[in-house]
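**Q** I'd like to go over a predicted model; first the sequence, then the structure.
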Amino acid sequence: MNKGIQDITFIILTKNEELNLPDCLKSIEGFAKRAVVIDSGSKDRTVEIARNMGADVYEHPFENYARQFNWGIDNTNIDTKWTFRLDADERLTPELCNKLSEIIKEHSDDNVNGVTMEAWLYFMGKKIKHGCHNKRKLMMFKTGFGRIEDRKMDEHTVLSEGESIYIKERFIHYDFKNMTHWVNKMNWYATREMQDYYDFINGTCSGINGDSTVMDTRKKKFGLYYKFPLFLRCHLLFLYNYIIKLGFLDGKEGFVYHYMYHRWYRTLVDSKILEQKITNSDFEETGDLK
């Protein structure tokens, strides 16, 4: 049973999210004191839905996820004790709300300033249980103590002070509208991933001082994965996740996800890395996903 409205504001970034936003907002009804939706030029009913469901709506041009979220922290007059980072395609469960209510009460006045959790990924309507990352991230933090690191891809929330705790209760991530939208999104991500790679090798990207598992994953990405030869590494990653990590147990949907994400998407990233190496062109601003 939900333990009532808590002293927490949710920040949700949107662009054409009329399909996802209603269920997202419903999942925090009776729990969130305030929902803030920051929209970057939706052409559908996103803004109308947000307002009708009681959210405070702000409009702001999109540069990248980190700057958009941090703009929300700085410009939407958040006065609650806690702030929560939630995407429109993510949902809280009643079990998670109950656990967060306990944490809010228990850690109101101590040095625990953030809460890290993982997701259950749904792809093509199926819960992907094997062979995929669980999107672990710091999602809830005491207002004034958390910001998202300014990088183009794989951005995480960092605390200015204090510590974070990990909880086993998971949120839900519906990473799929349709195949066309998903492919377009991966293409958009691939450009940002390429830029993040070159920022890393040029020593211009930010680091992270936070959750040890998040830091370990990033170290494996830049310290191990990118050490393998271009294009070979994406094939090895697919085999590792689909075979060794038992991704094949999730049926046809699991095959599509692992092949398209670990093989096709990572090949696309490598293609853009190679293209940048050949052309040595200036990075274009990636902008918002259309």
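**A** That came in fine, so what should we check first?
**Q** use CA for all of it now, contacts and neighbours both
**A** Will do.
**Q** Name the surrounding residues that touch stretch 21-28.
**A** Stretch 21-28 is contacted from outside by 35, 46, 49-50, 53, 88-94, 97, using CA atoms under 8 Å, 6 or more residues apart in numbering.
**Q** Check stretch 67-83 too.
**A** The contact list for stretch 67-83 (CA under 8 Å, 6+ apart) reads 7-11, 13, 33, 36, 38, 58, 60-62, 140-143, 147-148, 150.
**Q** Using PyMOL, make a named selection holding only the buried ones among these.
**A** The PyMOL selection below is limited to those of the contacts of stretch 67-83 classed as buried (16 or more other CA atoms under 10 Å):
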select buried, resi 7+8+9+10+11+13+33+36+38+62+140+141+142+143+147+148+150
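**Q** Could you tell me which of the contacts of stretch 67-83 are located in strands?
**A** Mapping the contacts of stretch 67-83 onto strands (DSSP state E) picks out 7-11, 13, 33, 36, 38, 58, 140-142, 147-148.
**Q** between those, which is closest to residue 255?
**A** Comparing those against residue 255 with CA to CA places residue 13 closest, at 29.8 Å.
**Q** Quick one: residues contacting the closest one.
**A** By CA under 8 Å, 6+ apart, the contact set of residue 13 is 37-40, 68-69, 86-88.
**Q** The same query, at a cut-off of 10 Å, please.
**A** 21, 36-40, 57-60, 62, 65, 68-69, 72, 85-88 (CA atoms under 10 Å, 6 or more residues apart in numbering).
**Q** With residue 147 instead?
**A** For residue 147, the contacting residues are 66-67, 69-71, 73-74, 85, 141, 156-160, by CA under 10 Å, 6+ apart.
**Q** Distance check, it against residue 34.
**A** Separation of residue 147 from residue 34 (CA to CA, to the nearest Å): 19 Å.
**Q** mind listing what's buried in stretch 35-49?
**A** Within stretch 35-49, judged by 16+ other CA under 10 Å, the buried ones are 35-41, 46-47, 49.
**Q** With that, I have no additional questions.
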